[in-house]
Structure formats: C-alpha cells, structure tokens
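Engineer: coords please:
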Amino acid sequence: MTAQFFHAETYAPVGSHGKRNLYDVLAEASRTPGSHPHVLNARPPVVVYGRHPTDLVAIIDARLSTATDRGRRRLPRTFPVLLAAVASIPVQPADMAANLDVRRRVDAWVANNVKFAIDEFGSSLESVIAHDDERFFHLHAFAVPIPNPDTQALSAETVWKPLAAQGRVRRAGGSRRAQRDAYKTEAKLVLDRYYATVGAPSELQRAGPNRARISRAAHLARTHQVEEEARRNAEVEQRQVEIERREANLDSEITRRNADYRAALVQATTREINAIREDDAKRFRRAKESAQAVVARLAIAENEVERLAELLREAGIEVDANRRRTP
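Structural biologist: Numbers count the residues shown, from 1 in each chain. Predicted structure coming up:
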C-alpha cells in the first residue's frame, strides 16, 4: 500500500491566475459531456452522501445573491465559495468488482471518509460522490459556506480550518509568511485527523517520502515491503478461499454419493421384494392349478363310479351307499 491521499481546495465563480472556476469543477465531477477530457470512458458519479454536484450550482448562486464579505460589501465573482476535496485509495475498480474482500475494504474506506467530511466541514457539507471510471477509485466532497444569519457575511474560513487559521493571523497583523505557516500547521492537523479516521483503519501510510523526510529509495523499499505483505496476505486469503471451496465441493460430492447409494439400495431392495412377490405369485398359481386339477380328477372319478353303479343296478346287483355289493 502507499500513502493516503487527501487534498482540498477552494474555487470561485470566476477563475483567476489560471485556476478553474467552480462551475467547471462541478461539471467535471458530474461527468458533464465535454468537461472531462482526461476520462475516456466516463460513467456517472455515485452519490454517497447529500446531493448531486449539479444541484450545488443553484445553492451557490442563491447564497451569492445575498451574501457579503466581512465589511458588508457585495462579494466579487472571484471570491471562493466552494470547497472541493478529493480522496483516493490505491485500488482499481476492476479489483473491486472481482474481489468481495477488496470491495468491503473500499466500502469501509468510503464510510470513514464520509464521517471525516461531516466532522470536518459540518453543516456546510453538501455532497460526497464516488468516481470509478479512472485508474483508482476516489471520492469528491463539496462544501458551501453558509452566510452568517445576522450579517449575511460569507467566508470559506467557516468550512476550511487552514483558511481560518490563516485569516486569524492576517487579521492580527501577521506577515504573509506567518499566514502561510499558520495555514500549513493547520493543514497538517487536518491530515492527522484524516489519518486517524480514514488512513490508519485502511492500512495506508500517513505520508509519502517528502513528508516523512526519508529518501525515495527508503520510501520505495517500505512501500515494496507493505505491498509484498499485502500480496502474501492476499495469497493466504485466496488459498483459504480455495480450501473452503474444495471442502464445499467434497461435502457436496459426499452428499451426492450418499444419495446415489441410498437410491441404489432402495432400487435393489425394491427389485428383490418384487422378485419375491412374483415368485410367490407363481407358486400360488401352480398350487391353485394343481388343486383345480385334483378337483377335476375327483369329479371324473365320481362320475365314473356313478356310471358303474348304474350298470350294476341294471344287472340286478344292488350297490349300497357305501358302494358295497349286496348279495
């Protein structure tokens, strides 16, 4: 893994000194056609908190129509009234789609970013969106200063603490260098808070080589070590997933074979029972036929006896009921 990335900047309705205006910034965030030449296959942003960026234009224009500066003067069009922050995580969208664990890690990172933005920008936070159409997945947060309800004074200092620290030094008569130092000091505190809320839970480094004041070679070595550990952890997780998959397949195969065995046993038992029943039926038919044959022979014998008895009677020989001859 690499260092965390969080950057915030203010924008005005009219850009100055080569800086873009807030309308261009919001158009790019919204993926308005023609506003993102660096993104070839643009996709609409995903709103994870608050409003869609296009909705902020009307809010900003409404606040500018009545807002003033601290001296109750109408704000110039070059006055910054939009704070735009961007945060990125070194994860490619394709990896999120292919790996559920990576997706869950990014989801947790997004939730922590939203929490940080709410804590840092307060009620001025209007929108947090996600972009998944560039190399790395990243977020944009937008905050619009709220005018003072009594004076209608509007200032970006109310949403960006480094500007507030710089403003306090300026109003106290501090030099430009002192103002810059105040801004940098507060900006470092912002990054400290961001690291505590977002960076550390996501296992990101607090700073790159310049911030940590180490050589690039040392930074690359440390980054390589972290990435190697992450790769090994990923391999272990993948092996565990493969083991679980094989165990599930084995359980399924055992269940299938048990079912096949039970089905074969039932089938064999049924065949045996049917064979026994069929054999018993054949024996019963043979016994019945034998009995019927005996009965038929007895009937023939009785008829023959009656015929002989009749002949004997005709010859004058009496035969009693027991078929015995009478003299």
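Engineer: Give me the next element, helix or strand, following the lowest-mean-pLDDT helix or strand in the chain.
Structural biologist: Every helix and strand of the chain was ranked by mean pLDDT, DSSP states H and E. The lowest is helix 209-212, at a mean of 54. Later in the chain than helix 209-212, the nearest helix or strand by DSSP states H and E is helix 216-314.
Engineer: Who are the packing partners of that following helix?
Structural biologist: Packing partners of helix 216-314 (3 or more Cβ pairs under 8 Å, 6 or more residues apart in numbering; DSSP states H and E): helix 209-212. For glycine as for every other residue, the C-beta is placed from the backbone atoms N, C-alpha and C.
Engineer: Ile129 - how many residues pack around it?
Structural biologist: Residues within reach of Ile129, counting by other Cβ atoms under 10 Å, total 22.
Engineer: How about the backbone phi and psi for the residue lying closest to it once chain neighbours are set aside?
Structural biologist: Counting by Cβ to Cβ, 6 or more residues apart in numbering, Ile129 lies nearest to Pro45, which is 4.0 Å off, once chain neighbours are set aside. When quoted as degrees, to the nearest 10, the phi and psi of Pro45 stand at phi -70, psi 160.
Engineer: The helix or strand hosting Val102 vs helix 216-314, what angle?
Structural biologist: Per DSSP H and E: Val102 is located in helix 100-121. Going by axes from the mean of the first three to the mean of the last three Cα atoms, to 10 degrees, helix 100-121 is angled at 130 degrees with respect to helix 216-314.
Engineer: tell me which residues in helix 100-121 are buried?
Structural biologist: Buried positions in helix 100-121, judged by neighbour count with 16 or more other Cβ atoms under 10 Å: 102, 105-106, 109-110, 112-114, 116-117, 120-121.
Engineer: try stretch 52-63
Structural biologist: By neighbour count with 16+ other Cβ under 10 Å, stretch 52-63 contains the buried residues 53, 56-57, 59-60, 63.
Engineer: Show me these that map onto helices.
Structural biologist: Among the buried residues of stretch 52-63, the ones falling in helices (DSSP state H) are 56-57, 59-60, 63.
Engineer: Pro37: which of those residues is nearest?
Structural biologist: Set against Pro37, the nearest of those by Cβ to Cβ is Val57 (20.9 Å).
Engineer: Now do the buried residues in stretch 140-159.
Structural biologist: Within stretch 140-159, the residues that count as buried by 16+ other Cβ under 10 Å are 140-145, 147, 153-159.
Engineer: For that stretch, output the C-alpha coordinates as PDB.
Structural biologist: What follows is stretch 140-159, C-alpha atoms only, in PDB (Å, rounded to 0.1, in the frame of the first residue of the first chain):
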ATOM      1  CA  HIS A 140     -15.000  14.100  -4.100                       C
ATOM      2  CA  ALA A 141     -16.500  16.100  -1.300                       C
ATOM      3  CA  PHE A 142     -18.100  19.600  -1.700                       C
ATOM      4  CA  ALA A 143     -18.800  22.100   1.000                       C
ATOM      5  CA  VAL A 144     -20.500  25.500   0.500                       C
ATOM      6  CA  PRO A 145     -20.100  28.200   3.200                       C
ATOM      7  CA  ILE A 146     -23.300  29.200   5.000                       C
ATOM      8  CA  PRO A 147     -23.800  33.000   5.400                       C
ATOM      9  CA  ASN A 148     -23.900  34.500   8.800                       C
ATOM     10  CA  PRO A 149     -27.700  34.700   9.600                       C
ATOM     11  CA  ASP A 150     -27.300  38.200  11.200                       C
ATOM     12  CA  THR A 151     -24.700  39.900   8.800                       C
ATOM     13  CA  GLN A 152     -25.000  37.700   5.700                       C
ATOM     14  CA  ALA A 153     -21.200  37.600   5.700                       C
ATOM     15  CA  LEU A 154     -19.900  34.600   3.900                       C
ATOM     16  CA  SER A 155     -16.400  33.100   4.100                       C
ATOM     17  CA  ALA A 156     -14.600  29.900   3.100                       C
ATOM     18  CA  GLU A 157     -12.900  30.100   6.500                       C
ATOM     19  CA  THR A 158     -16.100  28.600   8.000                       C
ATOM     20  CA  VAL A 159     -15.600  25.400   6.200                       C
END
